[in-house]
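> could you work out the structure for the sequence below:
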Amino acid sequence: MSFLFFILFTFTGVASVYWRRRTMNYRRQVMQLEQEREKMNKTFLKVRSERHDFLKHIAALQYMFDQSQHDEAKKYMDELIGGYEETNLSIKGESGAVAGILHDMYRRAKQAGVEVVYDLDVPLSSLPLPDQEIVRLAGNLVANSIEASDEWQKKRGRHGSVVLQLSKRSGLFLLSCQNNCLPIPNEVVDHLFTKSGISTKGEEHAGLGTKIIREAVRAACGYLDFIHKEETFTVKIKIPAIVTKEMHSKKEA
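The predicted model follows:
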């Protein structure tokens, strides 16, 4: 009887740990989805606001032209186009979740004084991954690059930049992210994207971003490489364009 009780007690303990871990994982996923929804809502509200005010801007420009205030009109138009360009870069051809993270990263970089360029021949949403994985991959790539560029510009006294590129060639998606960065110790470079807890941003960082990037690329059966040269850091990712049945079902979900 005591042996049976011991087996039952052990099974209950193992089951309890298993379900606790599953519950924590679901909670993390819910939190991530809530964050993504908030970013989508912000992007949607910004687009609605721009559409709502569009005719007002046209009326203002018309008045300035009627009053021969051409210099003022040009300045007003340049500022207006700059604001629209920011939104257009983020939402062009993207799903709501991906547009939300791109717009959020653009705003974050702008606040830090870092220039962000989205050079996307095809939308990020076309990657053969669920939107949640694309958000994790792109979000961590760009966030890491912004932080590294911000640290670099503070030390060097010049404006940092981040360039995110995506193209499709011969059945492969070619994704790259390039940014300015301070010199990275060799012991860190040797283990980037291969060992957990390794970060380009110093000992106080956990290296979680690089771990998430690695996992997302692995989930897509992709290949990751990086180049660190002359205070420029470039991540290069190749992802097969072939969508498996499992990926397709997740993408449609």
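> do you know how far Phe226 is from Val114?
Per CB to CB, to the nearest Å, Phe226 is found 19 Å from Val114. From N, CA and C alone the C-beta is placed, and that goes for glycine too.
> and those two? Which one has more around it.
A direct count of neighbours by other CB atoms under 10 Å for Phe226 and Val114 places Val114 higher, at 23 against 16.
> check contacts around that one.
The contact partners of Val114, taken as CB atoms under 8 Å, 6 or more residues apart in numbering, are 146, 149-150, 153, 159-162.
> for those residues, which one is nearest Asp71?
Relative to Asp71, the closest of those is His159; by CB to CB it sits at 26.7 Å.
> could you list the low-confidence segments of the protein?
In the predicted model of the chain, residues 1-11, 13-15, 17-18, 25-26, 28-55, 57, 63, 80-93, 194-208, 243-253 satisfy pLDDT under 70.
> ok, 50 please
The model of the chain has pLDDT under 50 over residues 197-206, 245-246, 248-253.
> those helices in it, which residues are they?
Shown for the chain, the helices assigned by DSSP state H span residues 2-66, 70-91, 96-112, 131-156, 186-189, 208-219, 245-252.
> which parts of the shortest one are buried?
By that I understand helix 186-189. Val188 (16 or more other CB atoms under 10 Å).
> can you tell me which of the contacts of Val114 are buried?
Burial of the contacts of Val114 was assessed by neighbour count (16+ other CB under 10 Å); the buried members are 146, 149-150, 153, 160-162.
> now those in CSV, with distance to Glu72?
Supplementary listing: the buried ones among the contacts of Val114 in CSV, determined by distance: CB to CB, whole Å:
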residue, distance to Glu72
Ile146, 34
Ser149, 34
Asp150, 34
Gln153, 32
Gly160, 32
Ser161, 31
Val162, 33
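> looking at those residues, which one is closest to Leu127?
Val162 (18.8 Å).
> tell me who's in contact with the closest one.
With CB under 8 Å, 6+ apart as the criterion, the residues that contact Val162 are 109, 114-117, 142, 145-146, 149, 177-179.
> what's the ChimeraX line that selects buried ones from those residues?
A single ChimeraX command is used to select the members of the contacts of Val162 judged buried by 16+ other CB under 10 Å:
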select :109,114,116,142,145,146,149,177,178,179
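> closest to Ala241 among the contacts of Val162?
For the contacts of Val162, the residue nearest Ala241 by CB to CB is Cys177; the value is 19.2 Å.
> you'd agree the closest one is up against Asn140?
No - here Cys177 does not reach Asn140: they are 9.8 Å apart, not a contact under CB atoms under 8 Å.
> surely Trp152 meets Phe233?
No - contact status for Trp152 versus Phe233: not in contact, 9.4 Å apart, counting by CB under 8 Å.
> okay, and the common contacts of these two?
179-181.
> now render the residues you listed as JSON lines, adding distance to Lys168.
Rendered in JSON lines, the data for the shared contacts of Trp152 and Phe233 read as follows (distance: CB to CB, whole Å):
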{"residue": "Asn179", "distance to Lys168": "23"}
{"residue": "Asn180", "distance to Lys168": "27"}
{"residue": "Cys181", "distance to Lys168": "27"}
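> got the contact list for stretch 220-237?
Residues outside stretch 220-237 that contact it (CB under 8 Å, 6+ apart): 127-129, 133, 141, 145, 148, 152, 156, 173-184, 189, 192-193, 200, 213-214, 217, 238-240, 247.
> PyMOL command for the buried members of these?
For anyone working in PyMOL, the buried entries among these, judged by 16+ other CB under 10 Å, can be selected with:
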select buried, resi 127+128+129+133+141+145+148+152+173+174+175+176+177+178+179+180+181+182+184+192+200+213+214+217+238+239+247
